[in-house]
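Student: I would like to see how this sequence folds:
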Amino acid sequence: MSANNKEPKTISLCDMVDDLVHDELEINEDQNNVDLSLDDSNQHLACNRHSEPYLNMVFENLEVARAYYNAYARRKGFSIRVNHTRKNKDKIRIGIEYVCSKEGFRRQCNEDKERIGPERAETRVGCNAMIGLKKVDDTWIVCKFVEGHDHELLTPKSTSLLRGHRVITSAQKNLIDSLNESGIALSKIMSVLSKESGGDYNVGCIPIDIQNYLGSKRRKLLQDGDAHGMYKCFIENQCKNLGFVYAIEVDEYGCMGNCFWANARSRMVYQYFGDVVTFDATYQTNRYKMPFVPFIGVNHHHQSVMFGCALLVNETIESYTWLLKTWLNAMPGNPPSTIITDDDKAMAKAIADVLPNVTHRLYYVRSSTMISDFVYQYELALNERYLKEKEQDVKTKNSVPLLKTCYKLEAEAAKVYTRKMLMKFHEELFCSKKYKASKYHEEGVKKIYKVVAHGRESPFYEVSLDIVETKAICTCHLFEFVGIICRHILAVFVKKSLVDFLPSHYILERWTINAKKHIVHDISSDVIQVEPQVSSSMMRNSLMLQFLEVAEVGSQSEKQYKHLQQTLRKVYEELLLCKMFMMLMI
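Tutor: Residues are numbered from 1 along each chain as shown. Below is the predicted model of the structure:
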């Protein structure tokens with residue numbers, strides 16, 4: 001502890017602003033390794049500005065005191081937090097202690113709990129550095145000051161990355177908003193800020209701060225009634241459409257967060273074509289820049305089909321985990337065998353946690369849209385896709401495809417494949433004529449063929465053929481990836497005269513005319529709402545939204561007001577009686 005017998009001087013906000021500006025300049029200059037030499041005329045000013053806190057130091061108000069100690073902490077290389085506060089009998093704060101963020105130790109009870117993820121690094125090491133202030137009249141006076149730290153201090157350059165010193169300025173917020181509205185990704189926004197500031201250390205914040213800022217802004221915007229509109233859409237759809245399901249995640253303040261919905265048609269079609277699913281969060285197509293996440297598959301006509309969709313508040317592991325669990329709960333049948341996403345680390349982590357046995361592969365509406373419009377637009381998109389599917393069904397059943405070879409396996413393919421898949425089969429069959437296959441060694445009953453385009457030596461493909469079972473594997477793996485036999489295997493089949501039939505193991509049911517013939521779970525009778533972890537806050541939020549409508553009507557006249565008031569009192573008394581009865585039953 002240090003105590004200096006200096007004459008008290010009240011530090012004002014103006015003094016702090018001037019000091020902070022000079023501190024920032026000197027920190028930036030220090031970061032650029034500039035040697036600052038002080039002449040006699042400015043040494044006294046620098047000494048006062050960089051003086052340490054001392055006993056009986058007086059501040060105009062608590063905000064100035066905190067800013068002073070925080071600036072001091074940044075120069076020294078540590079961050080601060082509030083430790084204790086004291087209030088009088090009138091609940092007015094009269095004392096406070098600011099301590100080093102490394103003060104104290106982690107609570108033992110927290111260490112004993114079973115952790116789901118990796119254990120957090122220890123940050124508290126029992127540091128005693130602190131400043132104590134007490135309120136005297138309208139000012140705040142330093143009553144205690146401990147200077148020493150028992151840990152290594154950071155440089156001013158590194159200190160800017162500590163949580164207590166990170167802040168997004170108003171100018172940065174405006175730039176972040178503009179970039180976000182233009183669809184710029186978070187990583188690129190950070191790169192722009194870094195370039196504008198002269199380096200990462202000068203930005204004053206890190207990506208998680210930007211993510212939290214955008215998330216909090218979205219939540220605030222969602223309080224203006226748009227969330228209420230979306231909830232009404234969900235309720236109406238569930239009443240009109242059997243099998244429609246939805247889930248809304250509500251935060252601790254009762255505000256709408258992530259939401260998911262899917263209708264009966266989406267849930268039904270998933271049972272036929274849910275083996276491979278694309279999970280894409282790159283669509284930021286609404287006024288709040290909330291990621292729109294559709295779950296997309298491919299039907300037997302090679303058309304896109306939708307298995308539900310969601311709007312997310314942010315793109316964190318927690319949001320993706322909630323969404324995947326909610327989606328799986330809504331989709332009948334088994335999880336997909338393969339899920340395809342963009343290269344998002346948070347998404348990849350959530351998939352690994354929720355779908356550990358699924359193969360994860362990577363792949364390549366207007367900004368003014370209200371989020372409540374998405375439910376309606378989603379239905380329009382589904383109807384359009386469903387109509388195209390029906391058109392292809394009719395075309396397949398009402399026409400006979402033209403055969404272009406004398407191979408019987410083509411005739412068999414024409415009987416079972418949809419028109420789109422038959423076209424793909426035809427393409428592979430025709431292209432097989434451009435290749436020659438030559439056997440170059442054997443492995444037991446298997447014969448290995450080298451397949452290469454006529455007149456070329458590379459690239460070449462290896463086809464392993466089991467002639468007894470008529471099974472072949474090609475190094476291009478087209479069948480494994482797409483589910484249709486490749487030109488290289490067909491070239492071998494032609495060479496070996498294996499063209500009288502198309503082996504059944506090369507016909508995937510999902511690509512056939514009868515892909516939707518097998519019996520699946522009846523969604524039309526399923527009216528269960530998807531509500532993972534239904535909590536009291538979720539129910540309260542639902543009731544509050546309905547009460548808003550009731551209150552709006554009830555406040556239109558004195559007669560309606562009195563009627564509603566009496567009715568609510570009656571309902572309230574009935575609920576209390578019901579609660580008492582349930583308690584007695586227990």
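
Student: alpha carbons only for contacts and neighbour counts from here, please
Tutor: Noted.

Student: distance check, Ile248 against Gln303.
Tutor: Using CA to CA, to the nearest Å, one obtains 29 Å as the distance from Ile248 to Gln303.

Student: can you check Val494 too?
Tutor: For Val494 relative to Gln303 (CA to CA), the value is 31 Å.

Student: look at these two and report which has more neighbours.
Tutor: Applying other CA atoms under 10 Å to Val494 and Gln303 shows that Val494 carries more neighbours, namely 18 against 14.

Student: just the strands in the stretch 351-500 of the chain please.
Tutor: Under the criterion DSSP state E, counting those that start in this stretch, strands of the stretch 351-500 of the chain are mapped to 359-362, 435-443, 446-453, 460-466, 471-474.

Student: for the first one, packing partners?
Tutor: Packing contacts for strand 359-362, counted by 3 or more CA pairs under 8 Å, 6 or more residues apart in numbering; DSSP states H and E, involve strand 338-341.

Student: quick check: mean pLDDT across the strand it packs on?
Tutor: Average pLDDT, strand 338-341: 85.

Student: put the alpha carbons of that strand into CSV.
Tutor: The C-alpha trace of strand 338-341 is given here as CSV (Å, rounded to 0.1, in the frame of the first residue of the first chain):
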residue,chain,number,x,y,z
THR,A,338,-24.4,-37.6,-45.0
ILE,A,339,-24.7,-33.9,-44.2
ILE,A,340,-23.2,-31.2,-46.4
THR,A,341,-22.3,-27.7,-45.2
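
Student: tell me the strands beside that strand, with direction?
Tutor: strand 276-279 (parallel), strand 359-362 (parallel) (DSSP bridges).

Student: which of those strands is buried the deepest?
Tutor: strand 276-279 (a mean of 22; mean count of other CA atoms under 10 Å).

Student: who's Thr338 bridged to?
Tutor: Bridge pairing for Thr338 (DSSP bridges) gives the partners Val276, Thr359.

Student: now do the contacts for it.
Tutor: 275-277, 358-361 (CA atoms under 8 Å, 6 or more residues apart in numbering).

Student: distance check, it against Thr321.
Tutor: The span separating Thr338 from Thr321 equals 17 Å under the rule CA to CA.

Student: turn the contacts of Thr338 into a markdown table, columns for pLDDT and distance to Gly333.
Tutor: Rendered in a markdown table, the data for those read as follows (pLDDT from 0 to 100; distance: CA to CA, whole Å):
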| residue | pLDDT | distance to Gly333 |
| --- | --- | --- |
| Asp275 | 86 | 10 |
| Val276 | 85 | 13 |
| Val277 | 88 | 14 |
| Val358 | 88 | 15 |
| Thr359 | 84 | 17 |
| His360 | 84 | 19 |
| Arg361 | 79 | 21 |
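
Student: turn the residues you listed into JSON lines, including distance to Leu403.
Tutor: Formatted as JSON lines, the entries for those read as follows, by distance: CA to CA, whole Å:
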{"residue": "Asp275", "distance to Leu403": "30"}
{"residue": "Val276", "distance to Leu403": "30"}
{"residue": "Val277", "distance to Leu403": "33"}
{"residue": "Val358", "distance to Leu403": "39"}
{"residue": "Thr359", "distance to Leu403": "37"}
{"residue": "His360", "distance to Leu403": "38"}
{"residue": "Arg361", "distance to Leu403": "36"}
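
Student: quick one: the helices in the stretch 51-200 of the chain?
Tutor: Taking DSSP state H, counting those that start in this stretch as the test, the helices found in the stretch 51-200 of the chain are 62-76, 108-112, 156-159, 170-181, 186-197, 200-203.

Student: now the second one: average pLDDT?
Tutor: Helix 108-112 shows a mean pLDDT of 52.

Student: then the fourth one?
Tutor: For helix 170-181, mean pLDDT rounds to 82.

Student: packing partners for that helix?
Tutor: Under the contact definition 3+ CA pairs under 8 Å, 6+ apart, helix 170-181 sits against helix 186-197.

Student: distance between the ends of stretch 487-505?
Tutor: End-to-end span of stretch 487-505 (CA to CA): 16 Å.

Student: tell me the buried residues in it?
Tutor: By 16 or more other CA atoms under 10 Å, the buried positions in stretch 487-505 come out as 487-494, 498-499, 502.

Student: swap in stretch 177-192?
Tutor: Residues of stretch 177-192 classed as buried by neighbour count (16+ other CA under 10 Å): 177, 179-181, 183, 186, 189-192.

Student: how far is that stretch from where the chain is centred?
Tutor: 16 Å (CA atoms, centre = their mean, to the nearest Å).

Student: what is the end-to-end distance of that stretch?
Tutor: From start residue to end residue, stretch 177-192 stretches across 13 Å - CA to CA.

Student: same thing with stretch 70-85?
Tutor: End-to-end span of stretch 70-85 (CA to CA): 17 Å.

Student: can you list contacts of it?
Tutor: With CA under 8 Å, 6+ apart, stretch 70-85 has contacts from 20, 23, 27, 50, 52, 93-101, 153-156, 158-160, 162-165.

Student: give the buried residues for it.
Tutor: Along stretch 70-85, these residues count as buried under the neighbour rule (16+ other CA under 10 Å): 70-75, 77-81.

Student: max pairwise distance over those: which two?
Tutor: Maximum pairwise distance in the buried residues of stretch 70-85, criterion CA to CA, is 15.9 Å, between Arg75 and Arg81.

Student: tell me the confidence at Asp393?
Tutor: Note for Asp393: predicted pLDDT of 75.

Student: that one and Val298: what is the separation?
Tutor: Counting by CA to CA - Asp393 and Val298 are separated by 15 Å.

Student: again, but for Glu412
Tutor: Looking at Glu412 against Val298, where the rule is CA to CA, the gap reads 23 Å.

Student: repeat that for Lys232.
Tutor: Relative to Val298, and taking CA to CA, Lys232 is found at 31 Å.

Student: between these two, which one's more packed in?
Tutor: Taking other CA under 10 Å, Lys232 and Val298 do not tie; Val298 has more neighbours (21 against 15).

Student: so who does the more buried one touch?
Tutor: Val298 is in contact with 273, 276-277, 304-305, counting by CA under 8 Å, 6+ apart.

Student: one more pass at 7 Å, please.
Tutor: 273, 304-305 (CA atoms under 7 Å, 6 or more residues apart in numbering).

Student: and for Val445?
Tutor: Residues in contact with Val445 (CA under 7 Å, 6+ apart) are Asp466.

Student: from Thr470, how far out is it?
Tutor: 11 Å.

Student: and what of Val99?
Tutor: When distances are taken as CA to CA, Val99 and Thr470 turn out to be 76 Å apart.

Student: swap in Pro291?
Tutor: Distance, Pro291 to Thr470, using CA to CA: 48 Å.

Student: ditto for Gln303
Tutor: Summarising the geometry, the distance separating Gln303 from Thr470, computed by CA to CA, is 30 Å.

Student: do the same with Lys325
Tutor: Distance, Lys325 to Thr470, using CA to CA: 41 Å.

Student: where does the stretch 451-586 of the chain have low pLDDT?
Tutor: Within the stretch 451-586 of the chain, the segments meeting pLDDT under 70 span 520-542, 544-545, 581-586.
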